[in-house]
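Peer 1: I'll drop the sequence and a predicted model, then ask my questions.
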Amino acid sequence: MEEPLLELNGVTFRHKVSAPTTFKPWRTKRGPGVMDVSLSLKPGEILGLIGPNGAGKTTLLRTIAGVLPVQDGSIHLGKVEAAALMSAADLRTIVGHMPEQVRWQGRQSVQDALLELAEMRGTSLKRVEGLLRLVGLADRCDTPLSGLSQGMRQRLTLAVALLGAPKVLLLDEPLNGLDPVAATAFVRLLHELTGKGVSIVISSHQVEGLAAITDRIALMHRGQILAVGTLDSVAESLDLPSTIEVTGTGELPNLSWCEHAEKATISDQNTWRVALPESNENLLADFVNRGIEVTSWNPRPPGIVEMLCAATGMDIDEVGLDIASAALLPHRRIGGEEE
């Protein structure tokens, strides 16, 4: 088995929330955050950290980056048994952190902004020039920050995260606001980094967008990791089969012959749509033999709502996609006991 690059062992960080009493108006208590997170990051892999808004993804990334302290548990460089304990200061030397959005504004040029930050890190001019080439901003080095597109801003933020030549790169919703062309170029750049041995963690609230990018996913909810593995292995452990989304034009066909077909719908554009189980290998041939004209045939992995419902035993209304309760009730872990 490959040696882990970074290993989290029972990591906990909970934000302080106000809990005043009559005689202690400034009293606080532990609120939402991340609880008992154990996770291994392998060299040269992309791990997708998936969960709804408020699941604790950003808090976990900030804890790994050394921005927030580890209150309980530990983070080690390599295996826990053989590696030294990493403090917040140690983590900041090997981890690059790319926040969800950085508001690059002003008349300052791209190169000057990067040089200022590089000076704080003790990084050379040669390194800055190399990073600008790496992220595709060499031709834009004199462009004012206010003149950058969203894709260029994301590239500049990535260059800043790479200033210290990190071994681990943490990206918080990096594809938000990017058009398909910019997103494709950004993903290609990430794979170039993993080829150099950098371990990348991408936080997202979508499964579909990460399916073709990540090597593994970690399903997160209410501050806890519920399942870790490849998308297929997590779906299999949750007994969630993939489906095929089929669309066609014209009247809605009779699908009574197709077992387990989810409810078909028809849109205003006179296009029908139906989700079918992926298990039947002859499914497409059955459509053709029945004279049903199909315009698209797209495999679709289980979505985050389906995964969370299966992992927590809750229904959609209970899971929700809003900020989690401060109660932080533990959920059932895959392959383990309920806490």
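Peer 2: Here it is on my side, so go on.
Peer 1: in this structure, what secondary structure element scores lowest on mean pLDDT?
Peer 2: Every helix and strand of the chain was ranked by mean pLDDT, DSSP states H and E. The lowest is strand 265-266, at a mean of 58.
Peer 1: following that strand, which helix or strand comes up?
Peer 2: Next along the chain after strand 265-266, taking DSSP states H and E as the criterion, comes strand 271-277.
Peer 1: end-to-end on stretch 141-156?
Peer 2: End-to-end distance of stretch 141-156: 10 Å, with Cα to Cα, to the nearest Å as the criterion.
Peer 1: please apply the same query to stretch 65-72.
Peer 2: End-to-end span of stretch 65-72 (Cα to Cα): 16 Å.
Peer 1: tell me which residues in it are buried?
Peer 2: When burial is assessed from 16 or more other Cβ atoms under 10 Å, stretch 65-72 yields the following buried residues: 65-68, 70. C-betas here are computed from N, CA, C, even on glycine.
Peer 1: show me which of the residues you listed is closest to Asp142.
Peer 2: Asp142 lies nearest to Ala65 out of the buried residues of stretch 65-72, by Cβ to Cβ, at 30.5 Å.
Peer 1: identify the residue spatially nearest to the closest one, adjacent ones excluded.
Peer 2: Excluding the flanking residues, the one nearest Ala65 by Cβ to Cβ, 6 or more residues apart in numbering is His97, at 3.9 Å.
Peer 1: show me the contacts for the one you found.
Peer 2: By Cβ atoms under 8 Å, 6 or more residues apart in numbering, the residues touching His97 are 61-62, 65, 67, 161, 170, 172.
Peer 1: among these, which are in helices?
Peer 2: Using DSSP state H, the members of these that fall in helices are 61-62, 161.
Peer 1: by neighbour count, which of those wins?
Peer 2: Neighbour counts for the ones in helices among the contacts of His97 peak at Leu61, which has 24 neighbours (criterion: other Cβ atoms under 10 Å).
Peer 1: look at the closest residue to it other than its chain neighbours and say how many residues are nearby.
Peer 2: Nearest residue to Leu61 in three dimensions, chain neighbours excluded: Leu170, at 4.6 Å (Cβ to Cβ, 6+ apart). Here the count is done by other Cβ under 10 Å, and Leu170 has 27 residues near it.
Peer 1: tell me how far Leu170 lies from Arg155.
Peer 2: Using Cβ to Cβ, to the nearest Å, we find Leu170 at a distance of 16 Å from Arg155.
Peer 1: one more: Gly122?
Peer 2: Gly122 sits at a distance of 23 Å from Arg155 (criterion: Cβ to Cβ).
Peer 1: what does Phe13 give?
Peer 2: The gap separating Phe13 from Arg155 is 30 Å, by Cβ to Cβ.
Peer 1: neighbour count winner among the two?
Peer 2: Remark: of Phe13 and Arg155, Arg155 carries more neighbours, 24 against 21, as counted by other Cβ under 10 Å.
Peer 1: list the contacts of that one.
Peer 2: Counted by Cβ under 8 Å, 6+ apart, Arg155 has contacts 135-137, 186, 189.
Peer 1: which one of those is nearest Lys42?
Peer 2: Looking across the contacts of Arg155 and measuring by Cβ to Cβ, the closest to Lys42 is Leu189, at 19.6 Å.
Peer 1: so how far is whichever strand or helix holds that closest one off the chain centroid?
Peer 2: Assigned by DSSP H and E, Leu189 belongs to helix 180-194. In terms of Cα atoms, centre = their mean, to the nearest Å, the centre of helix 180-194 is found 15 Å from the chain centre.
Peer 1: which elements pack onto the helix or strand that comes right after it?
Peer 2: Per DSSP H and E, helix 180-194 leads on to strand 199-204 as the next helix or strand towards the C-terminus. For strand 199-204, the elements it packs on are strand 46-50, helix 57-64, strand 168-172, helix 180-194, judged by 3 or more Cβ pairs under 8 Å, 6 or more residues apart in numbering; DSSP states H and E.
Peer 1: give me the neighbour count for Glu7.
Peer 2: So Glu7, with other Cβ under 10 Å, has 22 neighbours.
Peer 1: how about the closest residue to Arg140 other than its chain neighbours, what does it touch?
Peer 2: Nearest residue to Arg140 in three dimensions, chain neighbours excluded: Val110, at 5.7 Å (Cβ to Cβ, 6+ apart). Counting by Cβ under 8 Å, 6+ apart, Val110 touches 132, 137, 140-143, 145, 148, 152, 156.
Peer 1: how close does Val110 sit to Leu226?
Peer 2: Counting by Cβ to Cβ, the gap from Val110 to Leu226 is 40 Å.
Peer 1: got it, and Ser74?
Peer 2: To Leu226, Ser74 is 21 Å away according to Cβ to Cβ.
Peer 1: what of Arg103?
Peer 2: From Arg103 over to Leu226 (counting by Cβ to Cβ), the distance is 33 Å.
Peer 1: all set, thanks.
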